[in-house]
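[1] here is a sequence with its predicted model. Questions after.
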Amino acid sequence: MKNFGGMPNMNNLMKQAQKMQRKMEKTQAELEDKEITATAGGGVVEVVVSGKRELKSITIDPDAVDPDDVEILEDLVMAAVNEGLRQAEELNQKEMAKVTGGMGLPGGMF
């Protein structure tokens with residue numbers, strides 16, 4: 001195949017795209033095994049989130065359970081979960097940027 005006007009060879013582009021795809025799949029599989037721990041209220045609530053952004057566990061210090069003030073506990077759980085999900089997303093973006101060279105592909109594609 002001739003290279004006209006400085007246009008890249010399509011076979012090379014396809015090979016590079018396939019190589020990147022394999023790296024992305026490998027990275028995604030590795031991320032599934034990672035776990036992120038986040039806390040709220042000075043460790044009163046602790047959550048573990050997977051690299052797939054799935055909540056794996058919640059641990060609540062029994063001293064934080066006040067039947068007269070459930071809202072505080074709810075807020076702590078929500079804060080810990082949101083922080084865990086934020087950290088998982090950050091980890092995903094960082095790891096995928098390594099694969100894509102920071103190309104920032106559209107639509108959530110890495």
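    Everything's here; your move.
[2] list the buried residues for the helix or strand hosting residue 72?
    Assigned by DSSP states H and E, residue 72 belongs to helix 70-100. Using 16 or more other CB atoms under 10 Å as the test for burial, helix 70-100 gives 73, 76-77, 79-81, 83-85, 87-88, 91-92, 95-96, 99. Quick note: C-beta positions are derived from backbone N, CA and C, even for glycine.
[3] so which of the residues you listed is the closest to residue 11?
    Nearest to residue 11 among the buried residues of helix 70-100, counting by CB to CB, is residue 99 at 21.3 Å.
[4] ok, now how distant is the nearest residue to the closest one once chain neighbours are set aside from residue 43?
    Distance criterion CB to CB, 6 or more residues apart in numbering; nearest residue to residue 99, sequence neighbours excluded, is residue 23 at 4.6 Å. Computed as CB to CB, to the nearest Å, the residue 23 to residue 43 distance reads 37 Å.
[5] show me which of these two is the more surrounded one.
    More crowded of residue 23 and residue 43, by other CB atoms under 10 Å: residue 23, with 15 against 11.
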